[in-house]
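Visitor: using only what follows, build the 3D model:
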Amino acid sequence: MNAPLVLEAARIFELTNSRRYADALAAAEALAVSAPGNREALLLVAVNQRHLNHLSEALATLGRLEQRHPKFSRLYEERGHCCAKMGDLPRAIEAFAQGVSINPALAASWAMLERLYRTTGDSQNAATAAAHLATLERLPPEVVQGGSLFSDGELAAAESLIRGYLRKAGEHVEALRLLARIGYQRNALDDAELLLEAVLTKAPGYRAARADYARVLIDRQKYLRAREELAALLELEPGNREYRSLQAGVCAGLGEHAQAIALYRDLLAAVPGWSHLYVLLGHSLKALGRQSEAIQSYRAASEVSRDFGDAWWSLANLKTYRFSPEEVDLMRAVEAAPGTQSADRCHLCFALGKALEDRGEYAESWEFYDRGNGLKRAESRYRPEFTEINTRRQIEVCTAPFFAARAGYGVPDPDPILIVGLPRSGSTLIEQILASHPHVDGTQELYDLPRIVLELQGPQADPAAPRYPGVLAGLAPEDFRMLGERYLTDTRAYRGGRPFFIDKMPNNFRHVGLIQLMMPNAKIIDVRREPMACCFGNLKQLFAAGQEFTYGIENIARYYRTYLEMMRHWDEVLPGRVLRVPYEDVVDDLGGSVRRILEFCRLPFSAACLEFHKTGRAVGTASSEQVRQPLFREGLSQWRHYEPMLGPLRQALGDALIRYRE
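Guide: Numbering: from 1, shown residues only. Model (predicted):
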């Protein structure tokens, strides 16, 4: 809420505490009119209606609140109070239980649950509620309040409260864990990892914190370390479903999809309503090319939870799936519903954009793509100027004399083949071609190099004054050798037994200089696509994580121009180091392009590379189904259906429309 709304809500709260319920209700109703949909205003209306014994009106208000904010825990707490006052104890218990399932820090709900369970003779659940209440009473009030704010999605208020408490009281295990969970929700994974390491140092037996730590490690693609943490937890609780679901995530992350599928199926047999697991199961089935089974799994997720946007987007993201008219109508209705959560609405917008594109309804398709991009931008902290600052620093630091003075640095191993470029440029196609070669292991988009860059940047990095790449000038030859050895060691978990392997992290184009210093014999291939097609492909793609520059015309155009500037610099200071592969050339002349790529990689010709679509391997990117088909030209010009809407993109790209072929 903005400041005037906060002040007015505080005034109404004081009126309520002073038992001036009629005045408080009138003020709350006025606030609800001036700020329609504001959850605190509607809650205050319901609270004061209850105090005035207008119980049916209070329940109706709470029903409206639930439509708009179904994950707001305190509405269920208030519903519980209303039902208890009406003498409807079963409904009261149900409401309080729903509240604490969302927000375990609702002390008043636990107290009411203990009382209600004892009244109904349920001593076991009463004892459980009492234990939860006792745990909360042992915690500092600031930590309890912070946990409640966190559970209700008020991350900024929760973080401010917890940081203030830590400054005053020093390190506290629960406060540190809560701060880590806030960081995790904000995708500040490096901060969350450090905080949880501090928690586990102070409390090594804290299982919930260790599970949080494993979850962060998985999201940071540190799968081997996550596997170790989960092994310790599963030894203590082998039947714990949360730990086993995380274990399945580790298997999927390491490309062990058959094991992940078995784990997901076992879990779903025990808990068939776990919609999120159906999506994860579908992802592993999709990676192995088992499309019909993946579709069944995604559909199961959407049937369990009609408003689960990720299930609908996962179907759309197969690229080959076609929605029925009934499915499109259902998605429209769910997307328009006031209670649909922002993340679900975003997924639905991108899914509807794809569904309508397939039906040839391009104007409305663009409206949904544009709406989805707007929702993503609203939650993103991406700032294009920071990318441009870093590019200028790379050009200033990584000069030809800089590399000449460091010739021979790093490890000599020729194993890695790094495929770089922009997302949706055709890099998965080049990966599939190379992975069809008997000497090359296909892996996935590996995060090992970006992780090294983050460490070089240091904690609390200032993006306006980045430490990297300037820090490279102060590193000794031994440092680069150790970094190269670490990269080769850490990526070994993704490899088979072939002499070469692919790392297809597209954003590594920014780090060609670091790659040269770490692994001077690694091969680097830049896959480049015509800018209008490439940028449009990104604008209609919802990524699982990262790639924040793709959610808007200005940002993707600026990023594409920066990419051209960065690659031109590498061509100048490291001539011949990077092979440029235009996607359009591969489509026009597959045979010639394949021979050129293999020659650059110093690999003998293999006819299997020409029949890449027949190669059976796990593919985890958005193009997984497309690279299992022969090449087709239609994809080159799909963006032209949207040409009337893409004038601003053409203008923002400027001379990049010509320069991309330099």
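
Visitor: please parse this structure into its domains.
Guide: 3-217, 246-379, 384-659 (automatic domain parsing).

Visitor: now these in a markdown table, with distance to R227 and mean neighbour count?
Guide: Heads up, the C-betas are built off the backbone N, CA and C, glycines and all. Shown next, in a markdown table, are these (distance: least, Cβ to Cβ, whole Å; neighbours: other Cβ atoms under 10 Å):
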| stretch | distance to R227 | mean neighbour count |
| --- | --- | --- |
| domain 3-217 | 9 | 18 |
| domain 246-379 | 5 | 19 |
| domain 384-659 | 9 | 18 |
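
Visitor: SS state for L318?
Guide: State at L318, reduced to three classes by DSSP: H, G, I helix; E, B strand; the rest coil: coil.

Visitor: ok so, going back, got the domains of the chain as a markdown table, with distance to Y223 columns?
Guide: Shown next, in a markdown table, are the domains of the chain (distance: least, Cβ to Cβ, whole Å):
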| stretch | distance to Y223 |
| --- | --- |
| domain 3-217 | 7 |
| domain 246-379 | 4 |
| domain 384-659 | 7 |
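
Visitor: make TSV out of these and add distance to A231 and mean pLDDT.
Guide: Shown next, in TSV, are those (distance: least, Cβ to Cβ, whole Å; pLDDT from 0 to 100):
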stretch	distance to A231	mean pLDDT
domain 3-217	10	93
domain 246-379	8	94
domain 384-659	15	90
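
Visitor: closest one to L236 among those?
Guide: With Cβ to Cβ as the criterion, L236 lies closest to domain 3-217 of these, at 7.0 Å.

Visitor: how far off centre is the closest one?
Guide: Taking Cα atoms, centre = their mean, to the nearest Å, one finds domain 3-217 lying 25 Å from the centre of the chain it belongs to.

Visitor: what strand or helix carries L418?
Guide: Per DSSP states H and E, L418 falls inside strand 416-421.

Visitor: next SSE after that strand?
Guide: Of the helices and strands lying after strand 416-421 in sequence (DSSP H and E), the nearest is helix 427-435.

Visitor: by contact count, what packs against that next one?
Guide: Applying 3 or more Cβ pairs under 8 Å, 6 or more residues apart in numbering; DSSP states H and E, one finds that helix 427-435 contacts strand 416-421, strand 440-444, strand 500-503, strand 523-528, helix 583-588, helix 590-600.

Visitor: who wins for proximity to A258 among these?
Guide: strand 440-444 (15.6 Å).

Visitor: kindly export the closest one (C-alpha atoms) in PDB.
Guide: Extracted in PDB, the C-alpha atoms of strand 440-444 (Å, rounded to 0.1, in the frame of the first residue of the first chain):
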ATOM      1  CA  VAL A 440      30.500 -35.300 -28.500                       C
ATOM      2  CA  ASP A 441      28.400 -35.400 -25.400                       C
ATOM      3  CA  GLY A 442      25.300 -33.100 -25.400                       C
ATOM      4  CA  THR A 443      24.700 -31.700 -21.900                       C
ATOM      5  CA  GLN A 444      22.500 -28.700 -21.200                       C
END
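
Visitor: relative to the whole chain's centre, how far out is the longest helix anywhere in the chain?
Guide: The single longest helix within the chain, with elements called by DSSP state H, is helix 553-573. Computed by Cα atoms, centre = their mean, the chain-centroid distance of helix 553-573 equals 25 Å.

Visitor: closest one to L233 among the domains of the chain?
Guide: With Cβ to Cβ as the criterion, L233 lies closest to domain 3-217 of those, at 5.9 Å.

Visitor: quick one: the most centrally placed residue in the chain from T491, how far?
Guide: In the chain, the C-alpha closest to the average C-alpha coordinate belongs to A545, at a distance of 3.4 Å (Cα atoms, centre = their mean). In this view, A545 and T491 are 19 Å apart by Cβ to Cβ, to the nearest Å.

Visitor: can I get the helices and strands packed on helix 427-435 in a markdown table including distance to L454?
Guide: Below are these laid out as a markdown table (distance: least, Cβ to Cβ, whole Å):
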| stretch | distance to L454 |
| --- | --- |
| strand 416-421 | 18 |
| strand 440-444 | 19 |
| strand 500-503 | 16 |
| strand 523-528 | 20 |
| helix 583-588 | 29 |
| helix 590-600 | 30 |
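
Visitor: wasn't F549 part of a strand?
Guide: No. Counting by three-state DSSP, F549 is not found in a strand; it is helix.

Visitor: contacting residues for it?
Guide: Residues near F549 by Cβ atoms under 8 Å, 6 or more residues apart in numbering: 382, 384, 387, 555-556, 558-559.
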